[in-house]
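Undergrad: Structure, please.
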Amino acid sequence: MEETLTEKNLDLKFKYQVIKEKGGEKLFRCFSCATCTLSCPVHVVDEEFNPRRIVRLTLIGAKEEVLKSPFIWLCSACYLCSERCPQDVRITDLMTALKNIAVKEGVIPPGLEAQLELLKAHGRLYEIGDFENKKRAKQGVPTLTEMKELALKVLDVAELLNLKGEK
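TA: Numbers count the residues shown, from 1 in each chain. Predicted structure coming up:
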């Protein structure tokens, strides 16, 4: 059940946080025409996914609702909304900005959290074992090894860049 939005649960600075994030710069251009929603292939499959609603909630400061919404993670990044938007809001980039803010604030979907743990453990999104390598050898392709150390270095660099605010 949706919580009623009140002054208590709104963050009036949220929209300014979003426009400072790469991809969120054009947020204020939106005049709520619904072109993004009507262009969206995800909306066709799931009417609950409504990019216009996410933009409106962002503008009014419903930070917690936006960042905890599974819908910001459903964007397929097809760019149809961005190509068709009469105000050039760049909705796909905005969704990426919202995801980035969510991650910075520790709001990560369980599926992505699980993928991150697999990367840390194996350097890949799946464990490589003898079974997989035997199948690869039979097919004449090189065997694979875990790349845990490399993955951890990449994740450390990404975290360091994020902390410095570099893109």
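
Undergrad: Now for residue 8: which residues touch it?
TA: By Cβ atoms under 8 Å, 6 or more residues apart in numbering, no residues touch residue 8. Glycine gets a C-beta too; all of them are placed from N, C-alpha and C.

Undergrad: Renumber starting at 25 from here on
TA: OK, 25 is where the count begins now, so the last one is residue 32.

Undergrad: Mind checking what secondary structure it has?
TA: helix (DSSP: H, G, I helix; E, B strand; the rest coil).

Undergrad: Tell me how far it lies from residue 85.
TA: 11 Å (Cβ to Cβ, to the nearest Å).

Undergrad: what's the answer for residue 131, then?
TA: Distance from residue 131 to residue 85, by Cβ to Cβ: 16 Å.

Undergrad: Determine which member of the two has the greater number of neighbouring residues.
TA: A side-by-side neighbour count of residue 131 and residue 85, using other Cβ atoms under 10 Å, places residue 85 first with 20 against 16.

Undergrad: For that one, give me its contacts.
TA: Counting by Cβ under 8 Å, 6+ apart, residue 85 touches 34, 35, 36, 37, 38, 39.

Undergrad: Roughly how far does it sit from residue 37?
TA: 7 Å.

Undergrad: got the phi/psi numbers for the nearest residue to residue 172 once chain neighbours are set aside?
TA: Spatial nearest neighbour of residue 172, excluding adjacent residues (Cβ to Cβ, 6 or more residues apart in numbering): residue 147 at 4.3 Å. As for residue 147, its main-chain torsions (degrees, to the nearest 10) stand at phi 80, psi 10.
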